[in-house]
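S.K.: Dropping the sequence and predicted coords here.
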Amino acid sequence: MAESFEFDEYVRCLRAEIADVSSEPENDGYRVNRFTRIARDVLADYGVIEDAEVCYFHWEAGRGHAKSNAWHIDETEGRLDLFTTVFLDTDSQESPKKTDIERSIRQALQVHFLAIKGVHSEMEPSSDKYGMMRSIYEARNEYSQVRIFLITDGLLKNTKDQQLERGDTSVDVYFWDVQRLFRVQTSGRKYDALEIDFRKKFNRTIPCLEVPETGREYSGYLAIIQGQLLAEMYEEYGSRLLELNVRSFLQTRGKVNKGIRNTIMKEPGRFLAYNNGITATVENLDTEMTKKGMVITRVSGLQVVNGGQTVASIHRTMKADRADLSKIAVQAKITVVLRDLIDELVPAISRYSNTQNKVNEADFASNDPFHVRIEQLADTIWTPGEQTRWFYERARGQYEVARNRRAKTQAQKRQYDRQQPRKQKFTKTDLAKYFNSWEQNPHIVSLGTQKNFITYMAGLKNTQPDFIPDPDFYRQLISRAILFKEAEKIARSHKFPAFRANAVTYTIALISFKTLGRLSLDSIWQQQEVSAGVRTTLEEWMPMVWEEIRSTAGERNVTEWAKKKECWEQLQLLDVPINSELEGELSEGDPLPTVGRAARKGRVKLSSIDRHNIALVMQCDKVIWRKISDWGQETGLLEPWEFGIALTLSGYAAGKWKSVPSVKQAKHGAQILEKADSNGILNNGEDM
């Protein structure tokens, strides 16, 4: 009865979120797309998928049709994810027709077959659909598995996963209806708990030793798991075995993964000796005694919290290299954690057991102290004038839950909406977009919602591991949010046919770069809106940025090009006008050169070439300029005045370019860079 009431409340909140267009970045008018984004975010938050890009695709193919609503290529795991949405859009809890479900699965699979045949060549290159189909086509030899996620706002009679075979392609179908979405969000866990009976499912058991008494909070086992079993488990459950953490996003091309592969292929008998093994947690575990000793027969809530690379690499080697895994054995430490302590202990176990690559924060989810503090600040800090507050949705659906809990009558709801309007709601992934855009990482934002979030949090934890936001940080955050939301609104008004999100993040990053980050964020906070000069700049620059992203891509896939650092470096050289209103608003003076006689007398006039040179030299950090100076002096390939300029520019860079090079310095600096590049100095990235 209690679950029924909570479920009804969840459905009401979901309907309200689907209807909410105020915070919808694309605002394309399609409720089905808004529901797809909501479901996508839920599955990504809880580690079911890595990420997915919402893109409605429909194509008539002969006697049939192809249709999907979102997609993602997971290069690490070698698979394609396609989403198909059966959207009923009704307040009553109906069930989709069986024929609609079967047709949706067929049409989603047809998207895959159309893509690998190269249907993108018949499409308009400036569309999102073209980017999607071309990306799938170009990755067709990189994946061997297709996963189809059927999501619906209705109730399914059966949500049991299915497996299909289509030639050499393995196809898994996963069903997510509104009730399953509800249960995964209200289960108190960040994953859909796995129930695995090893004997029934894999015809195997796992030999183990029980650790002596460890206390009431947990118990422990040491086990040896055969490589073939690990590969089969990963084939069956994929990323559901792994927490939502940075480790699951590491590429198989990394040094650690190459080492794992080489050991499997060349010295399989030494794998146990060479490999660190895995660390796993479970909620429950069944054992029995055999003639050979204790074995694990069943587990519930299994999560590999460290060693995800080992598991994925063993699986990848089996699939891609058809490796013999019969001699591969992996040691495992398995901890049985009380359910009430999962949120506390599992992230800690993951952190402390992680000794590999430096990015080692396993839990960046909503219960991280950073996000808890942001929520506390949002609850207590009013905007200037004390009329409204912003709402930080630390966990999905919190806004609607809070609104329904605090406002019982229509009058109370109207008051709540005035004080905490929907347009002032933002999420943890929004926060990462705001900061990474302003911090001049638009190529990272373009990687996708989840990867951008993970990258932002990893950077924060590595540089400031104990950082707790204060009120000043929060106000700066809201200023960035206001700027980003204004950019999204302007992007909608331009009605770009594709790549709208890229245009937004790149335009904000370009403003930050061209003005040296000197916009007055305090002023944005005080006014709760951007100034006329900033708005004009966004309106004028965004079409130029959008076109530059497309044109610099050349024959490359624009979607993939926007994810490259090289794309951002090209955009930094874009010659854009800085209007007089914006110049007058800069908090620390003019974005024009601050060094040189003309600058000191206020008589600087820049040509397109001057702006290009200044942007070019400011792309290089202090290490690069110091290296160029030392190289020029040691080899004699630079004149003394040239390596002196390089040393000066290194000093400017060390001061974060508060001193902007003069026109002459920039001109000579560009020439020095050309000399260094022709001698291979700029290509040796390892020493920079």
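M.R.: Sure, I can see it. Numbering: from 1, shown residues only.
S.K.: C-alpha only now, for contacts and for neighbours.
M.R.: OK.
S.K.: Show the average pLDDT along stretch 237-255.
M.R.: For stretch 237-255, mean pLDDT rounds to 49.
S.K.: Please renumber the chain so that the first residue is 59 from this point on.
M.R.: Understood, numbering begins at 59; the last thing we discussed is stretch 295-313.
S.K.: now the farthest one out in the protein, which residue is it?
M.R.: Centroid-distance maximum for the chain: K349 at 48.7 Å, with CA atoms, centre = their mean.
S.K.: could you list every residue that touches that one?
M.R.: Contact analysis of K349 by CA atoms under 8 Å, 6 or more residues apart in numbering lists nothing.
S.K.: and it, how far is that from P265?
M.R.: 11 Å (CA to CA, to the nearest Å).
S.K.: repeat for K716
M.R.: Noted for K716: a distance of 63 Å to P265, by CA to CA.
S.K.: so T595 touches V634, yeah?
M.R.: No - between T595 and V634 there is no contact under CA atoms under 8 Å: 9.3 Å.
S.K.: quick one: which of the two has more around it?
M.R.: Neighbour count, other CA atoms under 10 Å: between T595 and V634, T595 has more, with 20 against 17.
S.K.: Show the contacting residues for that one.
M.R.: 636-637, 640.
S.K.: Now the helix or strand hosting it: average pLDDT?
M.R.: Per DSSP states H and E, T595 falls inside helix 590-611. Averaging pLDDT along helix 590-611 yields 95.
S.K.: Please apply the same query to stretch 372-383.
M.R.: The average pLDDT for stretch 372-383 rounds to 85.
S.K.: So which residues make contact with it?
M.R.: Contact partners of stretch 372-383, identified using CA under 8 Å, 6+ apart, comprise 135-136, 285-286, 288-290, 292-293, 318-319, 322-323, 326.
S.K.: Surely K187 is within a helix?
M.R.: Yes - remark: K187 belongs to a helix, assigned using DSSP: H, G, I helix; E, B strand; the rest coil.
S.K.: okay, it: pLDDT?
M.R.: On pLDDT, K187 comes in at 91.
S.K.: Not counting residues beside it along the chain, what's closest to it?
M.R.: Computed as CA to CA, 6 or more residues apart in numbering, the closest residue to K187 that is not its neighbour in sequence is F115, at 6.3 Å.
S.K.: Around that neighbour, count how many other residues there are.
M.R.: Other residues near F115 come to 19 when the count uses other CA under 10 Å.
S.K.: what does G694 give?
M.R.: If you count neighbours by other CA under 10 Å, G694 ends up with 11.
S.K.: got it, and S150?
M.R.: With neighbours defined by other CA under 10 Å, the count for S150 comes to 9.
S.K.: Ok, G176 next?
M.R.: With other CA under 10 Å as criterion, G176 counts 15.
S.K.: what's the distance between the residue nearest to K187 and M181?
M.R.: For F115, the distance to M181 - CA to CA - is 12 Å.
S.K.: do the same with N320
M.R.: Separation of N320 from M181 (CA to CA) stands at 42 Å.
S.K.: go on, K622?
M.R.: Per CA to CA, K622 is found 24 Å from M181.
S.K.: on that earlier part again, would you give the sheet partners of the helix or strand containing the residue nearest to K187, along with the direction of each?
M.R.: Under DSSP H and E, the secondary-structure element containing F115 is strand 111-119. If you go by DSSP bridges, strand 111-119 pairs up with strand 122-132 (antiparallel).
S.K.: what distance separates the partner strand from the centre of its chain?
M.R.: Relative to its chain's centre, strand 122-132 lies at 20 Å (CA atoms, centre = their mean, to the nearest Å).
S.K.: Next, the buried residues of that strand.
M.R.: 123-132 (16 or more other CA atoms under 10 Å).
S.K.: Give me the average confidence score over the strand holding F115.
M.R.: For strand 111-119, mean pLDDT is 88.
S.K.: what sits up against it?
M.R.: Contact with strand 111-119 is made by 91, 94-95, 123-130, 186-187, 190, 506, as judged by CA under 8 Å, 6+ apart.
S.K.: Between the residues you listed, which sits nearest I548?
M.R.: The nearest member of these to I548, counting by CA to CA, is D186 at 19.0 Å.
S.K.: Please name the residues that touch the closest one.
M.R.: Neighbouring residues of D186 by CA under 8 Å, 6+ apart: 113, 555-557.
S.K.: Determine which two of the residues you listed are furthest apart.
M.R.: Farthest-apart pair in the contacts of D186 is C113 and P555; separation 12.2 Å (CA to CA).
S.K.: So the two - more neighbours on which side?
M.R.: Neighbour count, other CA under 10 Å: between C113 and P555, C113 has more, with 18 against 10.
S.K.: Pull up the distance across stretch 369-388, start to finish.
M.R.: End-to-end span of stretch 369-388 (CA to CA): 9 Å.
S.K.: Also stretch 252-270?
M.R.: End-to-end span of stretch 252-270 (CA to CA): 26 Å.
S.K.: Can you give me the buried ones in that stretch?
M.R.: For stretch 252-270, the neighbour count (16+ other CA under 10 Å) marks 252, 254-256, 263-266 as buried.
S.K.: Next, work out how far apart A559 and A549 are.
M.R.: From A559 to A549 the distance is 8 Å (CA to CA).
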